[in-house]
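*Asks:* Generate coordinates for the sequence data below:
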Amino acid sequence: MYNDQVGVSIDGHIATVELRRPPNNFLDMELIGHLATALEDLDNNIMVRSIVLAAAGKHFCAGANLVKRVDDEAAGRKVVSQPRHLYHEAQRLVQTKKPIVAAVHGSAIGAGLGLALVADFRVTCKEARLAANFCALGYHPGFGMTFTLPRLIGHQKAKWLCLTGKRVPGDEAVAMGLADRLVEQDKVREVATEMAMELAKSGPLAVQSARETLHCDLFAGFRAATEREAFMQNMLRETNDFREGVKAGFDRREPVFTGT
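*Replies:* Residues are numbered from 1 along each chain as shown. So this is what the prediction gives:
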């Protein structure tokens, strides 16, 4: 246990890291920082060979709580400036050494999808919904997704998902390569653990070195993407379209964008 929001358990060579902010598991810099620390500590545990990234509650991760931020700003409540950006903490995630299987049992939306894409493999179910919904909210995509998504499913498919914010059910996600396994919802974590066990059968040093070679461009690409994403998000956060998009999403209606 790293705090009351990130839990870690180890069974043999498999570690399970669980997000514990149910039901939505909204992420922020604190949560991603604790998650990164947990993964870094597991890197230093010689007994652990692979990791299952899971979540408690209804959703894997519904992204950042943008509604709260917009409400705070509208009410004149000061949004505290942090010495480090959320994406600096996210960069720590892609530098860790051991293979990760994400158990996506519910929705992975916005930055929540970005978090799922940090994993090496994803197990999901037909009930899950995966979406890069930023543009649909009048916002710029983030959490490195402008790099990780096209790297995974190709430029054209990634561009469509980013620009439309389309919600992809689990079976469609597997068909397009966004996830690797489709199982019954109550089997998602179990199958993710089975995949982690399969990974743990190979030589751990060989797995880590091969993964590092396969990921040789990952950190540089992720860092460059997050730096531009953060810059563009800061600009768009000041627009009427962003405020309208977030409010419309909360009200469950179509946004009326004005391009301002």
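*Asks:* Run through the residues that contact Thr96.
*Replies:* Shown in contact with Thr96 (Cβ atoms under 8 Å, 6 or more residues apart in numbering): 36, 39-40, 42-43. For glycine as for every other residue, the C-beta is placed from the backbone atoms N, C-alpha and C.
*Asks:* Just the ones in helices from the residues you listed, please.
*Replies:* When helices are assigned by DSSP state H, the members of the contacts of Thr96 inside them are 36, 39-40, 42-43.
*Asks:* List only those of those flagged as buried.
*Replies:* Applying a neighbour-count criterion of 16 or more other Cβ atoms under 10 Å, the buried members of those are 36, 39, 42.
*Asks:* wait, which of those residues is closest to Gly221?
*Replies:* Nearest to Gly221 out of those is Ala36 (Cβ to Cβ; 18.1 Å).
*Asks:* next structured bit after the longest helix along the chain?
*Replies:* In the chain, with assignment by DSSP H, the single longest helix is helix 218-236. Moving toward the C-terminus from helix 218-236, the first helix or strand encountered (DSSP states H and E) is helix 240-251.
*Asks:* Run through the neighbouring helices and strands of that following helix.
*Replies:* Taking 3 or more Cβ pairs under 8 Å, 6 or more residues apart in numbering; DSSP states H and E as contact, the helices and strands that helix 240-251 lies on are helix 66-74.
*Asks:* give me phi/psi at Met197?
*Replies:* Dihedral angles of Met197 (phi, psi; degrees, to the nearest 10) stand at phi -70, psi -40.
*Asks:* Who are the contact partners of it?
*Replies:* Applying Cβ under 8 Å, 6+ apart, we find Met197 in contact with 13-14, 50.
*Asks:* ok, and the most crowded of the residues you listed?
*Replies:* For the contacts of Met197, counting by other Cβ atoms under 10 Å, the largest number of neighbours falls to Ser50: 25 neighbours.
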